[in-house]
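A.B. asks: Could you work out the structure for the sequence below:
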Amino acid sequence: MAASIRANCRKVICIGRNYADHITELKNTKPKQPFFFLKPSSSILLPGEGPVLRPKGVNLHYEVELALVMGKTVRDLDPSDEKGALDAIHSYLLAIDMTGRNVQDEAKKKGLPWSIAKGFDTFLPISQEIPKSRIPDPHNAFLRLSVGSQLRQADSTGLMLYRIPRQLAEISRVMTLEKGDLVLTGTPKGVGEVKSGDVMKASIEVDGKEIEEGRIEVEVKDREGRYVYSET
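C.D. replies: Residues are numbered from 1 along each chain as shown. Take a look at the predicted model:
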């Protein structure tokens, strides 16, 4: 079922800095309005497909997020149209937005795009598709991520600074959201580094009950190949 997610996805849109404590931990400033960036659909790593691959020289960070799978075309959505926004969602996923933190930090310092930091193959592990009925209110779910036996992230989606209707409104006034597109809604505090041999486990709960389809378990391994991080 999840295999069709990558096949049908034309773009992955990620909301940045949408949890206050995460903004603080990375010493960023709170945005005056939602902002977003893109990941390529080729970064999607399906359940059981293999490890997350850490490129040479990259300080690799995890960011657990609730992801939306769009079910219809959305253009110029009214930010107050909560029903229209939620009706446009086909289903949900749990996702881990992997980030080359040192690559991103250098890009930010120099005013360069972050695309490399977010765009490597395997940099978006996802869960099985979660039926919409399992998450009646996407602003009332609980995300967890652990590395080995250590819990690193654990927070409610109710802490989002900008709720989903506003996110979809801001995106869709710039670029059309199409059926199959993924929207990542931001990560809570607790992001950090993983290295080869680490195993990440992520889960999502509603009313204290874990959603089985929303589990992720994925190992990190070092990536072979020609890429080696060096200063731009």
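A.B. asks: measure Asp76 to Val174 for me?
C.D. replies: 9 Å (C-beta to C-beta, to the nearest Å). Bear in mind the C-beta positions are built from the backbone N, C-alpha and C, glycine included.
A.B. asks: Would you indicate which residues of the lowest-mean-pLDDT helix or strand in the chain are buried?
C.D. replies: Lowest by mean pLDDT, DSSP states H and E among the helices and strands of the chain is helix 20-25, with a mean of 85. Neighbour-count burial for helix 20-25 flags 22-23 (criterion: 16 or more other C-beta atoms under 10 Å).
A.B. asks: Average pLDDT for the helix or strand just after it, rounded please.
C.D. replies: Using DSSP states H and E, the helix or strand that follows helix 20-25 in sequence is strand 35-39. Strand 35-39 comes out with an average pLDDT of 96.
A.B. asks: Sheet-wise, list the partners of strand 35-39 with their directions.
C.D. replies: strand 12-16 (antiparallel) (DSSP bridges).
A.B. asks: Distance check, the residue nearest to Thr99 when sequence neighbours are not counted against Ala154.
C.D. replies: Leaving aside its sequence neighbours, Thr99 sits nearest to His61 (C-beta to C-beta, 6 or more residues apart in numbering; 4.7 Å). Going from His61 to Ala154 by C-beta to C-beta gives 17 Å.
A.B. asks: Can you tell me how far the closest residue to Gly214 other than its chain neighbours is from Ile130?
C.D. replies: Once flanking residues are discounted, Gly214 sits nearest to Ile204: 3.9 Å by C-beta to C-beta, 6+ apart. Distance, Ile204 to Ile130, by C-beta to C-beta: 7 Å.
A.B. asks: what does Ser230 give?
C.D. replies: Applying C-beta to C-beta to Ser230 and Ile130 gives a distance of 39 Å.
A.B. asks: and Val194, what does it touch?
C.D. replies: Val194 is in contact with 52, 54, 60-62, 147, 200, 220, counting by C-beta atoms under 8 Å, 6 or more residues apart in numbering.
A.B. asks: and the two most separated of the residues you listed?
C.D. replies: For those, the farthest-apart pair by C-beta to C-beta is Arg54 and Val147; their separation is 13.2 Å.
A.B. asks: who has more neighbours, those two?
C.D. replies: Arg54 (23 against 18; other C-beta atoms under 10 Å).
A.B. asks: so that one touches Glu219, yeah?
C.D. replies: No: using C-beta atoms under 8 Å, Arg54 makes no contact with Glu219, being 10.7 Å away.
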